[in-house]
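Colleague: pasted the sequence and its predicted model underneath.
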Amino acid sequence: MENIVLLDKLKNKYPEKFAEFEEIFKNINRGDRMFISSACGEPQTLLKELINYVESSPNAFFDAEVLHIWSLGVAPYANKKFKRNFRLNSFFISNMTRDAVNSGSADYAPTFHYQVPDLIRRGHVPVNVALIHTSMPDCHGYVSLGVSVDIAKAAVETATLVIAQINPNMPRVYGDSMLHVTHLDYMVYGDDPLIEFEKRVQDDVSSQIGKYVASIVEDGDTIQVGYGTIPNAILKYLEDKKHLGIHTELFVDGLAKLIKCDAVDNSRKTINRNQTVASFCMGKTETYQYIDNHPKFAFMPVDYTNNPLVIAQNHQMTAINTALQIDLSGQATAESIGTKFFGGIGGTADFMRGAALAPNGKSILTMQSTAQNGTVSRIVPLLDHGAGVTLSRGDIHYVVTEYGIAYLYGKNIRERAMALISIAHPKFREELLAEAKKHSFIYKDQAFVPGFAGEYPEHLETERATKKGETLMLRPVKLKDEPLLKKFFYSLSDHSIYNRFISARKYIPHERLQAFVVINYTREMVILATKVDKGKEEVVGIGQYAIDEKMHTADVAFVVKDEYQGQGVGTKLLRYLTYLAKSQGILGFTADVLVNNKAMLHMLYNMDFDIEQDVSEGVYTLKLWFREGQRGA
């Protein structure tokens, strides 16, 4: 009733702004460029009546170019039956418009989203007619663009004809979203429920990726999530974080939940502190109601939210996006599968580059390792022929699949290729390795253990503390760890090298390092003790054993970085190796130890082993038999 009373008052005050649909649409001319509010902000009543008008008057106008970011509705203007009346030109491709674009009956304009308002204002992409969707006017005569601010403000400012669907279901949002009714040529009342948007992804995939992403996101980060099932599904794994901020193009249900559970308070943002910044919203009605008249939200045009120079002002800016494909050099496409257009540049490049420019910023690309029901790998040797490069080799810091995290920032091609192969689906790794060798991305003699025996046993990762209280990760070695081990071994003193290898080894080449990283986890084990500081992982100790299947024993060896010796790292490694070996049915260890390596001998003789020893030429040959109930892990 309140809305009816308000509508009557508006009609009395602005009678010229209310008219029959036929009279309104007669103002559209041949060849006009027509902007339509996008996504969940589509003006459904206006579109339905526009199509009715064209069907009843098919010669009313021809070749009207429809501009929008994307469509979640039926997009009738992309239907072939209206090809004489409309020509779609979209800045992003949705399910509703994909076939039309790929068949040549509609157009796709690959543009960075933050640049679109400038293109409109400068007349490079002129707008003659704007069909927008707004809230009801307030007592001062202002309407809000609600869930779809994005490029609408620029379209309204430049259009010669502005037609607004005013809707009591459209939330009023703070920020730069307001228009006075004097800027509207016509108003049409339509109380359609807003389009709801919700997509789900496989729980096992999203949960694993979510856990990995949560290990990268830090308290106090300002986050952005892009369009796609995986970036949105992983948000629930950030609920334990503290003092997160939000600066994003797209606001979704998962971000609302992070605010409600106090993971997000925006208190540490560098700009727009204490406010959630977004440009448009896609979600459920509950989320639309939550942002309605909420002073902690600022919905802004995309030339603000998506401008990399604005994004980069947020310290600890963390962009989380997805792509269709990434190649072994680190190029990714979010636009096309080969020559077939699929999505678009969107805001992905805007935010990934902005985050990369930000102080302590992070750009994270998330993707399921396979597509088409597991039949193709999303990690490929080279992008498919014709694919658009949405993200260059320098845009991506982290790549996350359900099989792990690949850190690409500052890495060379060989290191990138090995890191990406290690997080590809196991059934594609051998093929990717062969292709990487073929293109000289990696060493020609790079070894690989195929099948189950070579699959990384993530469940064996665990944490331990040094005597000084520093937390270390004990984890199995990965195929991509060769650069870490190279740095570790060359950091050791000559004394530590001699004690480990019983030789004055000065040179540890790739061929030797491969023996440490190419592991058949069913027959041997290499455990690294690592510390992580500001995203950088450092190896401080390494322990390993190789099984002698005839004797049911394993030869064991380990070494600890000089500055960490005496802090219990070696003991932690040996206890964990003992636990793992016993779980494989091993009866004990064998080891060769220099007679003057007193620290090593002291540790071994304090480990509850039953020890047999022989000595020859300054070297003890030890048999370390496990005891029942022996302490391990």
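Modeller: Yep, that arrived.
Colleague: wouldn't Val101 be in contact with Ile93 here?
Modeller: Yes - the criterion here is C-beta atoms under 8 Å, and Val101 meets it with Ile93 at 5.4 Å. No exception for glycine: its C-beta is placed from N, CA and C like everyone else's.
Colleague: who's more crowded, those two?
Modeller: Higher neighbour count among Val101 and Ile93: Ile93, with 25 against 21, using other C-beta atoms under 10 Å.
Colleague: list the contacts for the more buried one?
Modeller: By C-beta atoms under 8 Å, 6 or more residues apart in numbering, Ile93 lies in contact with 70, 101, 108, 341-344.
Colleague: repeat that for 6 Å
Modeller: By C-beta atoms under 6 Å, 6 or more residues apart in numbering, the contact list for Ile93 reads 101, 108, 341, 343-344.
Colleague: can I get these in TSV with distance to Ala154 and secondary structure?
Modeller: Shown next, in TSV, are the contacts of Ile93 (distance: C-beta to C-beta, whole Å; DSSP: H, G, I helix; E, B strand; the rest coil):
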residue	distance to Ala154	secondary structure
Val101	23	helix
Tyr108	20	strand
Phe341	24	strand
Gly343	23	coil
Gly344	18	coil
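Colleague: which residues in the stretch 51-200 of the chain form strands?
Modeller: 64-68, 86-90, 107-108, 129-134, 142-144, 161-166, 178-180, 186-189 (DSSP state E, counting those that start in this stretch).
Colleague: the stretch 451-600 of the chain: helices as residue ranges?
Modeller: Using DSSP state H, counting those that start in this stretch, the helices of the stretch 451-600 of the chain run over 482-491, 494-501, 510-517, 569-583, 598-604.
Colleague: right, so those: which one is the most enclosed?
Modeller: Greatest average neighbour count among these goes to helix 569-583 (a mean of 21), per mean count of other C-beta atoms under 10 Å.
Colleague: overlap of the contact sets of Val101 and Ile93?
Modeller: Counting by C-beta under 6 Å, 6+ apart, the contacts common to Val101 and Ile93 are 108, 341.
Colleague: what pairs with the longest strand seen in the chain, and is each one parallel or antiparallel?
Modeller: Taking DSSP state E as the criterion, the chain has its longest strand at strand 536-548. Partners of strand 536-548 in the sheet, by DSSP bridges, are strand 524-533 (antiparallel), strand 553-560 (antiparallel).
Colleague: name the residues of it that are buried.
Modeller: Neighbour counts over strand 536-548 (16 or more other C-beta atoms under 10 Å) mark 538-547 as buried.
Colleague: if you compare the strands of the stretch 51-200 of the chain, which one is most tucked away?
Modeller: Comparing the strands of the stretch 51-200 of the chain by mean count of other C-beta under 10 Å gives strand 129-134 as most buried, with a mean of 28.
Colleague: parallel or antiparallel, which strands does it pair with?
Modeller: Sheet partners assigned to strand 129-134 using DSSP bridges are listed as strand 33-36 (parallel), strand 161-166 (parallel).
Colleague: which stretches of the chain have low pLDDT?
Modeller: Scanning the chain for pLDDT under 70 picks out 1, 73-74, 199-202, 629-633.
Colleague: can you verify my assumption that Ile497 contacts Ala504?
Modeller: No - using C-beta atoms under 6 Å, Ile497 is not in contact with Ala504, being 7.2 Å away.
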